[in-house]
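Asks: Okay, predicted coordinates and the sequence, questions at the end:
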Amino acid sequence: MLLNKEYDKVTTYANVKRGQITLVEEISKQDRWKNLQIINMHPGWVATNGLKDSLPMFFSMMKNRLRDLEEGADTILWLLLTEENLKSGGFYFDRKIASPHLSSSFNPSKEQRRRLLEKIENYREEYLLSEEIT
């Protein structure tokens, strides 16, 4: 098995999470999703085997500060069950709307947002075409 020595798990996770947040923010504005609430959330850092296996040093350093599974599941369960009016496109942490951006340098520009939506739409169209062929 070949390993990519340049692969950085933390950077990859952060980039995927930023993409997810941006995608939810943008598609929640589209008419085709107007009858749904599309929401992002973060459970906090939870003591799971996945975290332990993926980031062993981080896990070891933070093990006394990590959330247990119940604490990690709290916000997502609350989002599913609450009768409060939630903000579609919002980012929730500990049952509250929060900023998903640690700093303004992580907030994608309008052009970056447009390109992400364009890529997603291209993937969707390719998938639909491949389904028609099979």
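Replies: Yep, it's here.

Asks: Show the end-to-end separation of stretch 81-89, please.
Replies: The first residue of stretch 81-89 is 18 Å away from its last residue (CA to CA, to the nearest Å).

Asks: Could you list the buried residues of that stretch?
Replies: Of the residues in stretch 81-89, those buried by neighbour count under the rule 16 or more other CB atoms under 10 Å are Gly89. No exception for glycine: its C-beta is placed from N, CA and C like everyone else's.

Asks: Need the contact partners of it.
Replies: For stretch 81-89, the external contacting residues (CB atoms under 8 Å, 6 or more residues apart in numbering) are 24-26, 28-29, 33, 36-39, 79, 92, 95, 97.

Asks: from those, which single one is nearest Leu128?
Replies: Within the contacts of stretch 81-89, the smallest distance to Leu128 is 17.4 Å, found for Trp33 (CB to CB).

Asks: Excluding covalently adjacent residues, which one is nearest to that closest one?
Replies: Excluding its sequence neighbours, the residue lying closest to Trp33 (CB to CB, 6 or more residues apart in numbering) is Ile27, at 5.5 Å.

Asks: tell me the contacts of that neighbour?
Replies: For Ile27, the contacting residues are 33, 38, 117, taking CB under 8 Å, 6+ apart as the criterion.
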